[in-house]
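In: quick one, fold the following:
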Amino acid sequence: PSVGYGPDGRRDDVMAGAAASETCSTRRAKPRTTKGVPRSGALRTGFLNKKAKAPPSKLELVRLKEEKRIAGNEEFKKKRFKPAVKLYTEAVDVDPYDKTLYANRAACHLALGDWRSAHDDAEECVKLDPTFVKGYFRLAHASRMLGQHDAALGAAKKGLDLEPNSVPLREEYALAKKDA
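Out: Here you go, the predicted structure:
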């Protein structure tokens, strides 16, 4: 008999004749492992056989954002501001470039008395769209509540430059001027 190595890497005693080849071909070797990780055949064990879930499409993301925004609006109408903040935050996580989500979340923070968060959201809102008047109103209000009267005057002034007839901005400007 001659000595050799089979396809599985194990030593086989190769014998001449049909019986020996039958014996060798029917014998199955267990895959060798290195600390529990198979060395060969790892891809055949099911890793690629499982269907991986594809990332959401743009349409699915838009739908998700709108669902969260609408649910946040419903909570806001019911004056349930904390759940509304949570829903708007989930929508912002889906689309961080939507100015209305920041403006809506700023309104919730204002209603909760969280002036710093309202200021940050309103600031992000006007960074995303410098022509969004509602963002300037929320920024002016939050700045005034934080005691930043000059910043409040500046934000109200920028908003009034865009929309001179805005009654809420005129009122905010007057309050900031009075406090300054």
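
In: count residues in the vicinity of the closest residue to residue 89 other than its chain neighbours, would you?
Out: Computed as C-beta to C-beta, 6 or more residues apart in numbering, the closest residue to residue 89 that is not its neighbour in sequence is residue 105, at 6.7 Å. For every residue, glycine as well, the C-beta is placed using N, CA and C. By the criterion of other C-beta atoms under 10 Å, residue 105 has 29 neighbours.

In: buried set for the longest helix seen in the chain?
Out: In terms of residue count, the longest helix belonging to the chain (DSSP state H) is helix 58-77. For helix 58-77, the neighbour count (16 or more other C-beta atoms under 10 Å) marks 64, 65, 68, 69, 71, 72, 75, 76 as buried.

In: can you convert those residues into a markdown table and add a column each for pLDDT?
Out: Below are the buried residues of helix 58-77 laid out as a markdown table (pLDDT from 0 to 100):
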| residue | pLDDT |
| --- | --- |
| 64 | 95 |
| 65 | 96 |
| 68 | 97 |
| 69 | 97 |
| 71 | 97 |
| 72 | 97 |
| 75 | 97 |
| 76 | 97 |
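
In: mean confidence for stretch 104-123?
Out: Regarding stretch 104-123, the rounded mean pLDDT is 98.

In: what's in contact with it?
Out: Here stretch 104-123 makes contact (C-beta atoms under 8 Å, 6 or more residues apart in numbering) with 69, 72-73, 76, 79, 81-82, 84-85, 88-89, 92, 102-103, 125, 135-136, 138-139, 141-143, 145-146, 155.
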